[in-house]
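**Q** pasting the sequence and the predicted model now:
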Amino acid sequence: ALLAFRTAGNGAASTQTALRKLSSNLPLAPAEAVIDFSRSKNSANSRAALIVRLVDYVNSVCDDKRFTKITAINFDDNLEFYIPTLAPLFVAENLKALMFLIRKFDEEISQKMFEEFIKERSQIGVRYLPSGTNTENFLSTAAKFHLPFKLLSHQNVIYGYGSGSALFKSSISDNESLIGVSLASDKMQTNAFLSSINLPVAQQAVVPNENTAKEAAERIGYPVVLKPLEEEQGRGVAMNIQNAEELEHEFRRTVQIYPKLILEKQIEGELFRINTFEFKYVRMLRRVPARVIGDGKNTLQNLIIAFNKHTLRNTPGSYTKPIPIDDELNSHLSKSGFNLSSVPSIGQCVQLTPIWKSSRGGHSVDVTDKLHPENIELCERVARSLRLRVTGIDLLSPDAPVPWYKNGAVICEVNAKPQIGITNPDAYRQILAQNTGITPKIHLEITNGGKTDKSTLFDPAETRVKLRVNAADIIKNGCPVQYFTS
């Protein structure tokens, strides 16, 4: 994105004061760390530089990505800033919105007012920016290793050029099995398929209404689990339903959000996420539901506020989130004999959700070396049977180091689009490298006229990409390829 400022004049004094006051209350990085001034004669302390740093801050907290410094260049009577971004239009909108806020309220911009401004910009950013932590982390990895990429939509990205290119949606590549992905996206179909080849799964039933749910629960046997047919990361799951009255309550509450529900026999044990790549076991994570430890002094509300400030829950690219203080939390605490004013004793552990949910503060612990070899073979067989090159397999087991057939462990779900997270950063590089290969040689011919031809850019049959681009097209839309050698 290009932001240009007239070099003459510094703007109204009130605007200058408002800019400095606002910036003094924000954790802005030093100008030299953000902007490269080597091609500019202007000061890093100029009004224009301060505005650009504020815009960059807004971009960042709204989850835009900037993989290199901003470049400042003097051109005629302008000072121009070239801002690396995934969404140039969003940057332009942020500048307009920021300047409107400053001019409207002058020096009266409170912290709360700016937080509301950021919240509003973040909601707007969803329309422009890539969605999902997988996509964000794949893009960061591609930039780190100078692998070209082009955003096609919120989740669809193409990496590389020609014979070295691959299409991705989150962690699903164009090399993945479409039928396998389709099967895995339907929990009921996955369960039925795995059961048909004698792999361990929990009893399930589709429950379109309350009566069907009650009949299925009587047949399967309480306690049961009610969950959406098509959802992930623990969203919408109701656990430990003990009787028909509880089932009726949970069904009426859940069906308002998720119209397609399944009922499942509750299996005792811990939840483990097993990742496979190219049909081989990669790692195992133990899913830990959100919990706090009492100190005999603080209320649960204060302990939760401190819990939510943890770095892991506020790191870009992390799928572990803070736990909201809402009706769902209050309901769970009430069932456990607590409320937000309760003061747990020293060392007392209070679980904040009935099951692991990343969206509600759950985190994961790497226990890769703990999975029994026969459980490894089970998960690799699941991946092979579904023809899925990348999987996240959820195993419910009382003890993962014990073979599944000895302790009643079951395959709970298979995810064809698993969240890889930030704890295994090399996985992104491996997956990209496996699917893209070597970027072919690119011949770029720039002309003063004639028609632009970029048709070979993403053709996987092209081992040598030849492009013919009109110079006017480059000036208007930028160069069609990223990264240059000599």
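**A** Done, it's in. Not measured: the values here are computed from a predicted model.

**Q** which residues touch T463?
**A** Counting by C-beta atoms under 8 Å, 6 or more residues apart in numbering, T463 touches G162, S163, P440. Just so you know, the C-beta spots here come from the backbone N, C-alpha and C atoms, and that holds for glycine as well.

**Q** okay if I get these as CSV plus distance to N243 and pLDDT?
**A** Converted to CSV, the contacts of T463 look like this (distance: C-beta to C-beta, whole Å; pLDDT from 0 to 100):
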residue, distance to N243, pLDDT
G162, 61, 94
S163, 60, 93
P440, 64, 87
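
**Q** of these, just say which sits nearest to V207.
**A** Nearest to V207 among the contacts of T463: S163, at 48.6 Å, using C-beta to C-beta.

**Q** for A92, see how far away the closest residue to that closest one other than its chain neighbours is.
**A** Nearest residue to S163 in three dimensions, chain neighbours excluded: T463, at 4.8 Å (C-beta to C-beta, 6 or more residues apart in numbering). From T463 across to A92, the span is 38 Å (C-beta to C-beta, to the nearest Å).

**Q** and for T254?
**A** Look at T254 and A92: by C-beta to C-beta, they are 42 Å apart.

**Q** equivalent analysis for E264, please.
**A** For E264 relative to A92 (C-beta to C-beta), the value is 49 Å.

**Q** what of W404?
**A** Look at W404 and A92: by C-beta to C-beta, they are 55 Å apart.

**Q** so which of those two has more stuff around it?
**A** W404 (21 against 16; other C-beta atoms under 10 Å).

**Q** I'd assumed P200 was in contact with the more buried one.
**A** Yes: W404 lies in contact with P200 (C-beta atoms under 8 Å); the separation is 5.7 Å.

**Q** the helix or strand of the chain with the lowest mean pLDDT: how far from the chain's middle?
**A** Using mean pLDDT, DSSP states H and E, the weakest-scoring helix or strand in the chain turns out to be helix 13-24, at a mean of 74. Relative to its parent chain, helix 13-24 has a centroid offset of 34 Å by C-alpha atoms, centre = their mean, to the nearest Å.

**Q** repeat for stretch 25-36
**A** How far stretch 25-36 lies from its chain's middle: 26 Å, per C-alpha atoms, centre = their mean.

**Q** give me the buried positions along that stretch.
**A** Neighbour counts over stretch 25-36 (16 or more other C-beta atoms under 10 Å) mark L28, A31, V34, I35 as buried.

**Q** before we move on, what about stretch 77-88?
**A** N78, L79, E80, F81, Y82, I83, P84, T85, L86, A87.

**Q** turn those residues into JSON lines, including pLDDT, distance to F338 and secondary structure.
**A** Shown next, in JSON lines, are the buried residues of stretch 77-88 (pLDDT from 0 to 100; distance: C-beta to C-beta, whole Å; DSSP: H, G, I helix; E, B strand; the rest coil):
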{"residue": "N78", "pLDDT": "86", "distance to F338": "61", "secondary structure": "strand"}
{"residue": "L79", "pLDDT": "89", "distance to F338": "58", "secondary structure": "strand"}
{"residue": "E80", "pLDDT": "90", "distance to F338": "58", "secondary structure": "strand"}
{"residue": "F81", "pLDDT": "92", "distance to F338": "52", "secondary structure": "strand"}
{"residue": "Y82", "pLDDT": "91", "distance to F338": "54", "secondary structure": "strand"}
{"residue": "I83", "pLDDT": "93", "distance to F338": "48", "secondary structure": "coil"}
{"residue": "P84", "pLDDT": "92", "distance to F338": "48", "secondary structure": "coil"}
{"residue": "T85", "pLDDT": "92", "distance to F338": "45", "secondary structure": "coil"}
{"residue": "L86", "pLDDT": "92", "distance to F338": "43", "secondary structure": "coil"}
{"residue": "A87", "pLDDT": "90", "distance to F338": "43", "secondary structure": "coil"}
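
**Q** I'd like these as TSV, with distance to K309 appended.
**A** Below are those laid out as TSV (distance: C-beta to C-beta, whole Å):
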residue	distance to K309
N78	43
L79	39
E80	39
F81	33
Y82	35
I83	30
P84	30
T85	29
L86	28
A87	29
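
**Q** wait, which of the residues you listed is closest to C62?
**A** Using C-beta to C-beta, the buried residues of stretch 77-88 come closest to C62 at A87, 9.3 Å.

**Q** state the phi and psi torsions of that closest one.
**A** phi -150, psi 80 (degrees, to the nearest 10).

**Q** who's in contact with the spatially closest residue to it that is not a sequence neighbour?
**A** Closest residue to A87 apart from its sequence neighbours, by C-beta to C-beta, 6+ apart: Y128 at 3.8 Å. Listed by C-beta under 8 Å, 6+ apart, the contact set of Y128 reads L86, A87, L89, F90.

**Q** what's near enough to touch L457?
**A** Y161, G162, V465, L467, P480, V481.

**Q** quick check: which element contains the fifth one?
**A** According to DSSP states H and E, P480 maps onto no helix or strand at all.

**Q** separation between the residue nearest the centre of the chain and G160?
**A** The residue lying closest to the centre of the chain (C-alpha atoms, centre = their mean) is T133, at 1.8 Å. Separation of T133 from G160 (C-beta to C-beta): 22 Å.

**Q** next one: G132
**A** In this view, G132 and G160 are 20 Å apart by C-beta to C-beta.

**Q** among those two, which residue is more densely surrounded?
**A** Each of G132 and G160 has its neighbours counted (other C-beta under 10 Å); G160 has more, 23 against 16.

**Q** how about the nearest residue to the more buried one, chain neighbours excluded?
**A** Spatial nearest neighbour of G160, excluding adjacent residues (C-beta to C-beta, 6+ apart): T436 at 4.1 Å.
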